[in-house]
Structure formats: C-alpha cells, structure tokens
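Novice: here is my input, please return the structure:
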Amino acid sequence: MASLIRNNCRKVICIGRNYAEHISELNNQRPKQPFFFLKPPTSILLPNAGPVLRPKGVDLHYEVELGLVIGKTLRDLPLSSDDSAWKSAIESYIVSIDMTARNVQDEAKKKGLPWDIAKGFDTFLPISAPVPKGTITDPHDVELWLSVNGKMRQHDSTKLMLFQIGRQLSDISRVMTLEKGDIVLTGTPKGVGPVVTGDVMEAGLKVDGRDIEEARIKVEIQEREGLYNFAET
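Specialist: Model prediction:
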C-alpha cells in the first residue's frame, strides 16, 4: 500500500512554520497565513526501504510531521465551519520525516535564494504505511513523536497547529490544484535537530495514548555516495 502512495504522488506540499515553538527554536518569523513549499516525489522513502542518505557536507536535520494523502481533486476549496469538505478530500494519513539539509537551507535564506535543494535529495522523506481515516477521528488531536537512538526528541500534539488542516487545504488549493495521490505535510512541532551517520530514527503517532502500528517508522542514517558535496552558492 505504501508503494502506491509513492507511485500515485505527483507532488508533496509542505506547510512551513505551523507550530509556534518550532518557529521560536529556529528564530523564524511567525506567518500571518499558511505558507508552503514543495518536495519532489523522488524524495519519498518507503517503509523498510532505508537508509536515509546524508549528502557530503550536509548538516542533516529531522522534522516529524502528520501527512495527508489526498483522495480527490481539490481546487479553490472554500473555508467553511463544516469540516466535511476537507475531511472528504483525505484518503488516508501517514507519518513522515521531512529531512532537511539545514546548512544548505540556512545559506539559501541568508542570500535570498530558494531552498529546494535543502529539502529535495533522494531519501529525504521517509514515510509510514498509510493509516486509515477511521483510525484518526480528529487529526487535530493526535500525538506525534520522534526518537534518535532511543532518546525522545519530538513529542507534541497536533492541537498546537497554528493553521488547521481545512485552512491549509483551502490556501493550497487556491494556488495549485491538489490531485488524487498528492501528499500534504502539515508542519513539525518543536525539537528538530541533527542526525549523523549511524543514527537510527524512529517515529510514530498516538491516538488516545495508543501507538498506531501502521504509523511507525524506523530508519538509519548512512552516507550518500555520489557527486554532490555542499559548497557555497
């Protein structure tokens, strides 16, 4: 089932700065409305298909997120007090780890350049198996967690989202059409940090205090072979 997610995904849309304490830990400015960036589908790493590959010279960071797999075409989704519109557009949920080449991103930000490279390397999006919609009755009330080498690094509730999912999908769909199979990542809570070669990340999701087995991720970090080596732009 997870392989179908990658095969059917035409784009990955990532909501940035959607948890206040994460904004603070990176000294970023709080947005007045949702903003988003893209990751390529080639960055998707399926369950048990690891490792995550760290490119040469890259300061690699993890960011655990709740992901949405879109189940139908969405264009100009209106904001509404009725949640049924956006809920009906979701086919399933996933847990994901949005890997970031932090030094690449920081340099791009300082120079006013796009930071697609920092997010777009192959293996930079480990995902879980799909979690059925019926397992998560309220996606704004689940716990996300991530550990590195057995030590908990991120553990927070999606209640802390600044912009909820209906607003996210409405704002995205005003700009670009969401298609069946697309993935939307809803932002990461506080606790992001570095991983190095040999580290093992585990991540997951809890509903009413219970770990959801389909949502588990376990993946190791290894060095990436190839021609890329970080250098100043």
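
Novice: for the closest residue to residue 217 other than its chain neighbours, phi and psi?
Specialist: Of all residues not flanking residue 217 in the chain, residue 203 sits nearest, at 4.4 Å (CB to CB, 6 or more residues apart in numbering). The way it works is simple: take the backbone N, C-alpha and C, and place the C-beta from them, glycine included. The phi/psi pair for residue 203 (degrees, to the nearest 10) reads phi -150, psi 160.

Novice: who's in contact with residue 203?
Specialist: With contacts defined as CB atoms under 8 Å, 6 or more residues apart in numbering, residue 203 is in contact with 64, 95, 97, 126, 128, 144, 145, 146, 147, 216, 217.

Novice: what about the fifth one, how many neighbours?
Specialist: In terms of burial, residue 128 registers 25 neighbours under the definition other CB atoms under 10 Å.

Novice: could you say what helices and strands the lowest-mean-pLDDT helix or strand in the chain packs with?
Specialist: Lowest on mean pLDDT, DSSP states H and E among the helices and strands of the chain sits helix 2-8, with a mean of 84. If contacts are counted by 3 or more CB pairs under 8 Å, 6 or more residues apart in numbering; DSSP states H and E, helix 2-8 sits against no helix or strand.

Novice: pretty sure residue 97 contacts residue 204?
Specialist: No - in this structure residue 97 lies outside contact range of residue 204 using CB atoms under 8 Å: 10.7 Å.

Novice: those two: which is more packed in?
Specialist: Neighbours per residue (other CB under 10 Å) separate residue 97 from residue 204, with residue 97 holding more: 28 against 20.
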